[in-house]
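[1] What follows is a protein structure lacking sequence information:
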């Protein structure tokens, strides 16, 4: 009997030891698998083109991606299609761009799209030669890809982090819940106690905050500030998918106070445009935040705010575009104290900063030059030889 008890106890001890070992091995295996699954890729980005651009990979070819939460679908172009051997799959789709211009765009199939070590296969996307993206050889990365992952944008280090799992959130961060129209993310905001819904988070929009007149409280504020000469009225054309639209009135002003989520922001640079969606652009986040986390897994945005927001660059009083081999005034500050009072909309000018149209190789070179222009003034030479110095007007 003793032998039986001894043998039984020994067997039990062996089984327990074996079971414990199995648990440890199993746990180590699970942790290892989890570590392999939850990888965080670290990718540098640039805002040099005013878009958030980083390096990715299409069909084994390095390609520059423009991060655009305001685009529901990824959009390529002829140059990128050729470089990455992206194939058209037949059929066209009608879309309407930000200027309410309707265009027919091609369907494409991307076999493999890679961001860091993360891969999306068999992606159905679109192709259209949007002027700037085609000139800059950029693929517009839309929400059909972006929403599959979680993202942390470090604006101070200019580094992008990408993860399958949600990012841990710093206790100092403010949190905004997300809602969606289609795949595109939106938040709510409040002005003087009036609540508004559906403000698009549009990282593909290069400015700060744009509103539609339906945001009545801010539309009234813009009108009042124009009367007080604390705003500027521009006639300008917006860049959409199909290029520059027809000139429209756009009012630029500083909104006194807005609650985005539960966070108060003051003196927010704002543009009022009747044809625009209400949206927050990449420069809002770049100027206000050290870091922004998009945890699409939990439908939240988290912002680590700067102690002192960066003052954004103001608008030039005039814009010169290249159209049909000519330099043409396509935007103008209409205020009486504007430095552009000597110019008229649609006027053909001789040169800009001493360069005539034929000093640029083509419209692409000119477009890239203007997008990256950051100096405080430009000089415009009229056809009669008069030189006008165009300044950036500060909002009050």
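    Perfect, thanks for sending it. Since the structure is predicted, the reported quantities are computational estimates derived from the model, not experimental observations.

[2] List the contacts of the closest residue in space to residue 282 that isn't next to it in sequence.
    Leaving out its chain neighbours, the residue that sits closest to residue 282 by C-beta to C-beta, 6 or more residues apart in numbering is residue 203, at 4.8 Å. Quick note: C-beta positions are derived from backbone N, CA and C, even for glycine. By C-beta atoms under 8 Å, 6 or more residues apart in numbering, the contact set of residue 203 is 52, 67-70, 281-282, 285.

[3] Adjacent strands (with direction) for the host helix or strand of residue 180?
    Per DSSP states H and E: residue 180 is located in strand 179-181. Sheet pairing of strand 179-181 (DSSP bridges) gives strand 184-191 (antiparallel).

[4] got a list of contacts for the partner strand?
    Against strand 184-191 from outside (C-beta under 8 Å, 6+ apart): 69-72, 143, 176-180, 195-202, 215, 217-218, 255, 257-261, 280, 294, 296, 301.

[5] Any buried residues in it, and which?
    184-187, 189-191 (16 or more other C-beta atoms under 10 Å).

[6] repeat for stretch 140-158
    Neighbour counts over stretch 140-158 (16+ other C-beta under 10 Å) mark 140-147, 149-155 as buried.

[7] So which of those sit within strands?
    140-141, 150-154 (DSSP state E).

[8] List just the nearest of the residues you listed to residue 339.
    residue 140 (34.0 Å; C-beta to C-beta).

[9] can you pull the contacts of that closest one?
    65-66, 68, 71, 74-76, 130, 133, 204.

[10] Can you name the element that comes right after the helix or strand bottoming out on mean pLDDT in the chain?
    Within the chain, confidence by mean pLDDT, DSSP states H and E is lowest for helix 2-37 among all helices and strands, at a mean of 40. Sequence order places strand 40-46 as the next helix or strand after helix 2-37, per DSSP H and E.

[11] Would you mind identifying the next helix or strand past that following strand?
    That would be, after strand 40-46 and using DSSP H and E, strand 53-58.

[12] any weak-confidence spans in the stretch 151-300 of the chain?
    Residue ranges of the stretch 151-300 of the chain with pLDDT under 70: 238-245.

[13] circling back to that earlier point, dump the ones in strands among the buried residues of stretch 140-158 into JSON lines; add distance to residue 306 as well.
    As requested, those are exported to JSON lines (distance: C-beta to C-beta, whole Å):
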{"residue": "140", "distance to residue 306": "28"}
{"residue": "141", "distance to residue 306": "26"}
{"residue": "150", "distance to residue 306": "22"}
{"residue": "151", "distance to residue 306": "19"}
{"residue": "152", "distance to residue 306": "16"}
{"residue": "153", "distance to residue 306": "13"}
{"residue": "154", "distance to residue 306": "12"}
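
[14] can you pull out the strands in the stretch 51-200 of the chain?
    All strands of the stretch 51-200 of the chain, identified by DSSP state E, counting those that start in this stretch, fall at 53-58, 61-67, 75-76, 87-96, 102-115, 118-127, 138-141, 150-154, 159-163, 174-177, 179-181, 184-191, 194-201.

[15] Centre of the chain to the shortest one, how far?
    The one in question is strand 75-76. Averaging C-alpha positions (C-alpha atoms, centre = their mean, to the nearest Å) puts strand 75-76 15 Å from its chain's average.

[16] got the contact list for that strand?
    By C-beta under 8 Å, 6+ apart, strand 75-76 touches 84, 86, 105, 108, 110, 125-128, 130, 133, 139-140, 142, 241.

[17] Averaged pLDDT, it. What do you get?
    For strand 75-76, mean pLDDT rounds to 96.

[18] now do the fifth one
    Computed over strand 102-115, the mean pLDDT rounds to 92.

[19] buried stuff in it?
    103, 105-106, 108, 110, 113-115.

[20] Ok, the second one next?
    With burial defined by 16+ other C-beta under 10 Å, the residues of strand 61-67 counted as buried are 63-67.
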